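K.L.:
build me a model from this:
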Amino acid sequence: MADKRWHLLGEVAELKVQAVREITVEKTKLAVTFVNGKFGAVSGFCSHFGGPLGKGRLDGEYLVCPWHNWKFHGQSGVGEPGYEKDCIPRYEVKEENGQLFVDLQSATPRIKSPHAPHPLARKVEKPTGAIRVVGISTTNLDEANPRVSTSEFLLEAALNHGKMKFSADAKLIRLSALEFRACEGYYSKAARACTWPCSITAMDPKDQMDQVYEAIVHWADVILIATPIRWGNASSLYYKMVERLNCVQNQITIANNELIKNKTVGLIITGGQDNIQAVAGQLLGFFAEIGCVFPPFPYIAHSRGWTSEDMEKNVAQVLQSEELRKGAEELLGRAVETAYALRNRLDTESCVKAGRKAHRLDAE
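P.N.:
Below is the predicted model:
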């Protein structure tokens, strides 16, 4: 056609077959829709994290981003009800001689209304004051009918020792008491679709994994993880937690953002089966991967072995064992000493940097 403003999108009959499709015209990526007998063309990029709207789905007349479910009207580009101030560019389209055309010059502005950052997205500050210790119990319990957990018992002994001997600020997180969703694989959609804080946490205010993120990333100097052995592995709740912590590791690889630095991890592992070292190896490997460090002899463990089916004796043995209780306390002590050493190293490095800066200023 004569007017060079209009660019061919395709044959109308063919474009009607698919409700949503992605089409690129002169390096401009579009999301083209056909709903209720009408065509629409909007920007192919979501305003949230740049998700591919043309690869999304329709919810009525609204395009749903395949990354984080943000919605925009397929013809007007206006955000879903409640978010009307969020608009993506909209383009004029017209049908002529059985073909559909788009005018790229007709693009409306992209408008992204201010959204308050998630509290977890704040800068990670250098800790001061008393050493802070978080204990995370990964034992799965019926909260209405609790039972004795040997790993949690030793974890509590370690935390109490930290309070008494080191004046540590200590708290316990029991995963069984939290309501949090399993990882839903946002990274599998696209690397950038895995966000910090976690996409689930950012979208679901009821998801209580935020308590774990807050403690591990922002609050604690020392992290103690307690797990039972289940069929030769750590507990299912442990794996549910670390899958959600994948967003912390992904920040390192996709955004060069190291959220965890100079935090010390210790492990408490108990169970009626063996395989202690394999369980410890998984935990050590994961927490090393997200930036944690370990004290000397970073875990304590107890098992009655494969053939021991008298678990009521196992519980009694752990509860009455002075050796295991002392081992938990000493583990905490080593972790706290490591945390203090890391703080002192950081303070020394800060002084050295300040001295170098002062020397340069004097020289000038």
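
K.L.:
skipping adjacent residues, who's closest to Val148 in space?
P.N.:
Closest residue to Val148 apart from its sequence neighbours, by C-beta to C-beta, 6 or more residues apart in numbering: Val315 at 5.1 Å. Where C-beta positions appear, they are placed from N, C-alpha and C, glycine not excepted.

K.L.:
got the buried residues for the helix or strand hosting the one you found?
P.N.:
Using DSSP states H and E, Val315 maps to helix 311-320. Using 16 or more other C-beta atoms under 10 Å as the test for burial, helix 311-320 gives Asn314, Val315, Val318.

K.L.:
distance of the last one from Glu312?
P.N.:
Right, the one you point to is Val318. Remark: distance between Val318 and Glu312 (C-beta to C-beta, to the nearest Å) = 11 Å.

K.L.:
ok, now Ala280?
P.N.:
26 Å.

K.L.:
least confident of the buried residues of helix 311-320?
P.N.:
Lowest-confidence member of these: Asn314, scoring 84 (pLDDT).

K.L.:
contact partners for it?
P.N.:
Thr150, Gly272, Arg304, Ser308 (C-beta atoms under 8 Å, 6 or more residues apart in numbering).

K.L.:
list just the nearest of these to Pro81.
P.N.:
Thr150 (51.7 Å; C-beta to C-beta).

K.L.:
correct me, but the closest one touches Thr270?
P.N.:
Yes - here Thr150 reaches Thr270: they are 4.3 Å apart, a contact under C-beta atoms under 8 Å.

K.L.:
identify the contacts common to those two.
P.N.:
In contact with both Thr150 and Thr270: Pro228, His302, Val318, using C-beta under 8 Å, 6+ apart.

K.L.:
bridging residues for the first one?
P.N.:
Partner residues in beta bridges with Pro228: Thr270, with DSSP bridges as the criterion.

K.L.:
next, count neighbours for it.
P.N.:
25 (other C-beta atoms under 10 Å).

K.L.:
that one against Asn275, yeah?
P.N.:
No - here Pro228 does not reach Asn275: they are 11.5 Å apart, not a contact under C-beta under 8 Å.

K.L.:
and Asp169, how far is that from Val93?
P.N.:
Asp169 is 61 Å from Val93, by C-beta to C-beta.

K.L.:
do Ala116 as well
P.N.:
Counting by C-beta to C-beta - Ala116 and Val93 are separated by 35 Å.

K.L.:
of these two, who's got more company?
P.N.:
For Ala116 versus Val93, neighbours defined as other C-beta under 10 Å are more numerous around Val93 (20 against 6).

K.L.:
for that one, what are its contacts?
P.N.:
Contacts of Val93 by C-beta under 8 Å, 6+ apart are Leu9, Val32, Phe39, Gly40, Ala41, Leu100, Phe101, Val102, Asp103.
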